[in-house]
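Colleague: I'd like to go over a predicted model; first the sequence, then the structure.
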Amino acid sequence: MINDLAAPLLQLDGVSKRYGPTVALDSVDFDLRPGEVHALMGENGAGKSTLMKILAGTEDRDSGSIRIDGERVDIRGPRDAKALGIAIINQELNTVPAMTVAENLCLGEEPRTRAGVLDRRTMIADARAKLQRISAPISPTTPLGNLSVGMQQMVEIARAVSTDARILVLDEPTAALSRSEALHLYGVIADMKASGVGLVYISHRMEEVWQLADRVTVFRDGRNVGTRSREEVTPSEIVRMMVGRPLEDLYRHDDRVVRQTVLDVQALVGENVGPVDLHVDAGEVVGVAGLVGSGRTELARVIFGVDHRVSGTVILDGQPLKTRSPKDVIAHGVGMVPESRKEQALFPSHSVANNISLSSLKRFCTFGVLRRSAIRREVRRQMDRLQLRPDAINLPVSALSGGNQQKAALARWLMSDSQLLILDEPTRGVDIGAKSEIYSIINQLSAAGKAILVISSDLPEVLGISDRILVMRHGRVVGELTASQASEELVMSMATGTYEPAQGDSRD
């Protein structure tokens with residue numbers, strides 16, 4: 001437990017930052033104590049990332065002061081931040097996939113021999129020591145791009161921890177981690193707390209904050225709207241501080257009229273998945289739950305034609321789908337938002353308009369000429385539908401917040417009027433306000449007769465928005481539940497293989 005009377009390790013007083021007419025931070029006060037996890041919560045655009053950039057030295061504050069150990073400091077660049085003992089772990093990885101793990105861990109500080117050439121032996125030994133410090137089971141000589149996203153994140157964490165930082169800022173550090181990797185990280189955090197490191201923990205995962213945080217600060221519209229100790233506040237109060245509405249209003253699930261079957265999968269087999277049978281009807285949301293590695297994403301990729309279908313049948317609107325490439329699947333009215341929007345869904349340097357319209361250009365082509373004004377009108381309509389600000393249409397999509405990037409990925413398939421939507425982790429790394437908006441859109445789409453297959457690691461999300469829930473384990477569907485039958489305990493018991501049906505129970 002932290003000492004409430006301890007002098008702040010980090011203290012910000014009246015820090016403000018503007019970008020033209022936009023106020024990103026408005027006279028913000030914030031402090032961090034030694035040996036504390038201080039959670040910072042708020043919707044996308046609330047000012048959390050701006051604060052992080054100021055601490056990292058990549059943005060200058062307009063006014064206000066920063067103190068470390070009571071001494072006023074200026075952070076003019078990343079080198080200053082590092083010298084002051086500040087390390088940042090960003091949600092989006094700052095790594096080079098083509099390089100090895102060791103090369104990434106020493107990037108910018110490569111050891112040299114007396115002759116001035118790269119000392120690979122020392123580089124690998126140093127990397128091994130950094131990885132051992134957080135007990136990461138990763139070989140230093142492995143190309144980083146060969147690792148899972150979660151393991152790449154652990155390399156980023158190892159690099160930050162190795163700097164002996166006294167102030168560590170973690171931005172959604174578990175967004176790409178499996179449950180076991182997240183538990184590993186929690187242990188690293190506990191060790192750092194015990195050694196007196198102060199941690200600023202930015203997360204949208206309420207259960208995670210409640211497990212780790214000593215205090216919680218909420219930002220809204222660039223202001224600090226309150227700091228509470230974990231013991232004196234509830235999750236519902238935090239949500240109300242963030243968005244002005246209670247937690248129980250988060251999920252949208254109207255009564256639905258289920259119509260004809262849109263997707264019918266029979267004995268489907270792909271690499272590490274199958275055989276699987278499932279169906280999704282028009283006007284229905286089917287959730288797919290299971291532990292990491294259960295085959296959820298692999299199933300979606302085989303259906304969408306990204307991965308090879310070994311055997312089995314995929315039937316769309318009553319017709320067997322013989323073609324197996326994503327292009328052909330899209331032509332049959334299927335859209336998919338993959339789990340990694342940055343790597344798989346979006347073209348970061350291209351405009352929001354280009355990203356949204358990409359899969360619909362054929363509809364706006366007359367005699368080989370694109371009707372650009374018509375495209376922009378339709379893009380604007382979809383942006384308005386998803387509450388994306390109109391002036392973002394020409395911005396590179398990388399300039400948007402994580403939640404708005406996810407909306408842009410979803411808008412692409414709304415514009416193409418897909419009859420079947422496959423959404424893999426649709427709200428990963430998205431704040432509570434944006435989650436609510438995405439759930440509302442899913443609800444509207446199902447009411448309009450769209451068939452929706454949702455894959456999610458967030459069990460409350462699956463339970464909250466689904467009409468039926470399929471539970472996967474070892475690449476197979478091991479259980480099917482209606483919304484009224486399902487509970488977190490029942491889904492987890494099926495996912496872990498510990499479910500023992502009562503006599504006469506046919507749910508599995």
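Modeller: Great, that's in hand.
Colleague: Mind jotting down where the strands sit in the stretch 251-400 of the chain?
Modeller: For the stretch 251-400 of the chain, strands defined by DSSP state E, counting those that start in this stretch occupy the ranges 261-270, 273-281, 285-289, 309-316, 319-320, 334-337, 365-366, 369-370.
Colleague: what does the stretch 51-200 of the chain give?
Modeller: Going by DSSP E, counting those that start in this stretch, the stretch 51-200 of the chain shows strands at 63-68, 71-73, 86-89, 167-171, 198-202.
Colleague: how about those, which one is nearest Pro348?
Modeller: strand 167-171 (17.4 Å; C-beta to C-beta). (C-beta placed from N, C-alpha, C; glycine too.)
Colleague: Around Gly270, how many other residues sit close by?
Modeller: Neighbours of Gly270 under the rule other C-beta atoms under 10 Å: 22.
Colleague: residues contacting it?
Modeller: Counting by C-beta atoms under 8 Å, 6 or more residues apart in numbering, Gly270 makes contact with Glu298, Leu299, Arg301, Val302, Asp307, His308, Arg309, Val310.
Colleague: any idea how far Asp119 is from the last one?
Modeller: Relative to Asp119, Val310 is positioned 47 Å away (C-beta to C-beta, to the nearest Å).
Colleague: Neighbour count: these two, which is higher?
Modeller: Asp119 (17 against 13).
Colleague: so how far is Gly368 from that one?
Modeller: Counting by C-beta to C-beta - Asp119 and Gly368 are separated by 58 Å.
Colleague: same thing with Leu463?
Modeller: 49 Å.
Colleague: Name the residue in the two with the higher neighbour count.
Modeller: More neighbours surround Leu463 than the other of Leu463 and Gly368, with 21 against 5 (other C-beta under 10 Å).
Colleague: SS state for the residue lying closest to that one once chain neighbours are set aside?
Modeller: In this structure, Leu463 finds its nearest non-sequential neighbour in Ala486, 5.6 Å apart by C-beta to C-beta, 6 or more residues apart in numbering. Following DSSP: H, G, I helix; E, B strand; the rest coil, we place Ala486 in the coil state.
Colleague: out of the contacts of Gly270, which are buried?
Modeller: Listed as buried from these are Glu298, Leu299, Arg301, Val302, Asp307, Arg309; burial here means 16 or more other C-beta atoms under 10 Å.
Colleague: For those residues, give me a markdown table that also has pLDDT and distance to Ile442.
Modeller: Output for those, formatted as a markdown table (pLDDT from 0 to 100; distance: C-beta to C-beta, whole Å):
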| residue | pLDDT | distance to Ile442 |
| --- | --- | --- |
| Glu298 | 90 | 22 |
| Leu299 | 92 | 19 |
| Arg301 | 90 | 21 |
| Val302 | 91 | 23 |
| Asp307 | 87 | 25 |
| Arg309 | 89 | 27 |
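Colleague: Dump those into a markdown table; add distance to Phe219 as well.
Modeller: Listed next are the buried ones among the contacts of Gly270 as a markdown table, based on distance: C-beta to C-beta, whole Å:
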| residue | distance to Phe219 |
| --- | --- |
| Glu298 | 38 |
| Leu299 | 38 |
| Arg301 | 37 |
| Val302 | 41 |
| Asp307 | 40 |
| Arg309 | 46 |
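Colleague: Among those residues, which one lies nearest to Ile54?
Modeller: The closest of those, once distances to Ile54 are taken by C-beta to C-beta, is Arg301, at 39.6 Å.
Colleague: can you pull the contacts of the closest one?
Modeller: Gly270, Asp307.
Colleague: any idea how far it is from Val329?
Modeller: To Val329, Arg301 is 11 Å away according to C-beta to C-beta.
Colleague: can you check Asp307 too?
Modeller: 12 Å.
Colleague: ditto for Phe30
Modeller: 48 Å.
Colleague: Of all the strands of the stretch 51-200 of the chain, which one comes closest to Ala213?
Modeller: Among the strands of the stretch 51-200 of the chain, strand 198-202 sits nearest to Ala213 (C-beta to C-beta), with 6.2 Å.
Colleague: Okay, now the sheet partners of that closest one, with direction.
Modeller: Strand 198-202 has its sheet partners listed here by DSSP bridges as strand 37-41 (parallel), strand 167-171 (parallel).
Colleague: what angle sits between the last one and strand 63-68?
Modeller: Calculated by axes from the mean of the first three to the mean of the last three C-alpha atoms, to 10 degrees, strand 167-171 forms an angle of 120 degrees with strand 63-68.
Colleague: which residues touch strand 167-171?
Modeller: 9-10, 32, 48-49, 52, 55-56, 68, 84-91, 160-161, 192, 197-202.
Colleague: Can you get me a residue count around the nearest residue to Ala98 once chain neighbours are set aside?
Modeller: Nearest non-adjacent residue to Ala98, counting by C-beta to C-beta, 6+ apart: Gly145, 6.3 Å away. Using other C-beta under 10 Å, Gly145 has 12 other residues around it.
Colleague: pLDDT score assigned to Gly145?
Modeller: For Gly145, the pLDDT comes out at 87.
Colleague: I'd say it and Pro97 touch.
Modeller: Yes. Counting by C-beta atoms under 8 Å, Gly145 does reach Pro97; the two are 3.2 Å apart.
Colleague: Based on its surroundings, how many neighbours for Ile124?
Modeller: Other residues lying near Ile124 total 20 when counted by other C-beta under 10 Å.
Colleague: for it, what are its contacts?
Modeller: Ala102, Pro140, Thr141.
Colleague: Leaving out chain neighbours, which residue sits closest to Ser349?
Modeller: Pro396 (5.4 Å).
Colleague: Can you get me a residue count around the one you found?
Modeller: Neighbours around Pro396, by other C-beta under 10 Å: 16.
Colleague: for Asn272, same thing?
Modeller: 14.
Colleague: So it versus Asp307, what's the distance?
Modeller: In terms of C-beta to C-beta, Asn272 sits 9 Å off from Asp307.
Colleague: which residues touch the nearest residue in space to Gly14 that is not next to it in sequence?
Modeller: Spatial nearest neighbour of Gly14, chain neighbours left out: Gly64 (4.0 Å); criterion: C-beta to C-beta, 6+ apart. Taking C-beta under 8 Å, 6+ apart, we find Gly64 in contact with Leu12, Asp13, Gly14, Val15, Ser16, Ser27, Val28.
Colleague: Just the closest of those residues to Gln319, please.
Modeller: Nearest to Gln319 among these, with distances taken as C-beta to C-beta, is Val28, at 57.1 Å.
Colleague: Please enumerate residues in contact with the helix or strand encompassing the closest one?
Modeller: If you go by DSSP states H and E, Val28 is part of strand 22-32. Contact with strand 22-32 is made by 8-18, 38, 40, 47, 50-51, 54, 61, 63-64, 167, 198-200, 217, 219, 221-224, 227, as judged by C-beta under 8 Å, 6+ apart.
Colleague: give me that answer again for 7 Å
Modeller: 8-18, 38, 47, 50-51, 167, 198, 200, 217, 222-224 (C-beta atoms under 7 Å, 6 or more residues apart in numbering).
Colleague: Give the pairing partners of that strand; include direction for each.
Modeller: By DSSP bridges, strand 22-32 pairs with strand 10-19 (antiparallel).
Colleague: and the strand it pairs with, which residues are buried?
Modeller: Leu10, Gln11, Leu12, Val15, Ser16, Lys17.
Colleague: Any figure for the gap between the closest residue in space to the first one that isn't next to it in sequence and Arg309?
Modeller: Among residues not flanking Leu10 along the chain, Leu32 sits closest, at 4.1 Å (C-beta to C-beta, 6+ apart). If you measure Leu32 against Arg309 using C-beta to C-beta, the figure is 51 Å.
Colleague: repeat for Arg381
Modeller: 35 Å.
Colleague: and Gln132, how many neighbours?
Modeller: As a burial measure, Gln132 scores 12 neighbours (other C-beta under 10 Å).
Colleague: One more: Ser416?
Modeller: Count around Ser416 with other C-beta under 10 Å applied: 22.
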